[in-house]
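> got a predicted structure here, sequence first:
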Amino acid sequence: MNQTRALGEVEFIVSPNKIHHLYMGDWKELYPQAKIYASPGLKQRRKDLEFFSVLGDVADQGWAEEIDQHVFAGSWAMQEVLFFHKETRTLILADLIENFDKDWFSGWKRRVANLIGIVEPDGRAPLDYRMSFLGRKSMARASVERIRAWRPKNIIIAHGACYKGDGKKELE
């Protein structure tokens, strides 16, 4: 909490996808002046929250000068909003890539995590997420091309080790 306050005033609270939303209400209580934004599909799920807007492919004017955004297309299960910090060329993801530490899981879960490829150093989208693109890969390819055009240097992800320095290589 103190680390967040040290960064400055919280103006926006965003959900990058309909899975990452559990503490939005708590953050709103801490920062009542902040505007909260829903990812596609979340507004219907979280009727207890009053959203300022639903995120799309166009960045809100409050952060558009610094951060670009894109809704990754093609999944029938989930639309994730990706963010790109222009100055540092940093791509920010939630679940599109997972890169867990090799010791994060134990027993049979470790074997499954290795099998589906969500363990460092070569993390990727979880298998269930990848399967949700079947029959819609052309839409996903268009999103990949948009991300490539950003030429990310760094990649911050929600689950596991982030990539610093050669984000383009890691995306490939």
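Noted; the coordinates are in hand.

> going forward, measure contacts and count neighbours with C-alpha atoms only.
Will do.

> quick one: buried residues of the lengthiest helix in the chain?
With secondary structure taken from DSSP state H, the chain has its longest helix at helix 137-150. Under the neighbour-count criterion of 16 or more other CA atoms under 10 Å, helix 137-150 has 140, 143, 147, 150 buried.

> distance-wise, check the last one relative to residue 64.
Distance of residue 150 to residue 64, given as CA to CA, to the nearest Å: 14 Å.

> average pLDDT across stretch 144-158?
Mean per-residue pLDDT for stretch 144-158: 93.

> whoops, I mixed them up, stretch 113-133
Per-residue scores along stretch 113-133 average to 85.

> tell me how far the ends of it are from each other?
Stretch 113-133: ends 20 Å apart by CA to CA.

> now that stretch: buried residues?
Residues 113-114, 117-121, 123-126, 129, 133 are the ones in stretch 113-133 that count as buried (16+ other CA under 10 Å).

> kindly report the same for stretch 92-108.
Residues of stretch 92-108 classed as buried: 92, 93, 94, 95, 96, 97, 98, 99, 100 (neighbour count, 16+ other CA under 10 Å).

> between the residues you listed, which is nearest residue 72?
Checking the buried residues of stretch 92-108 against residue 72 with CA to CA, the nearest one is residue 96 at 8.7 Å.
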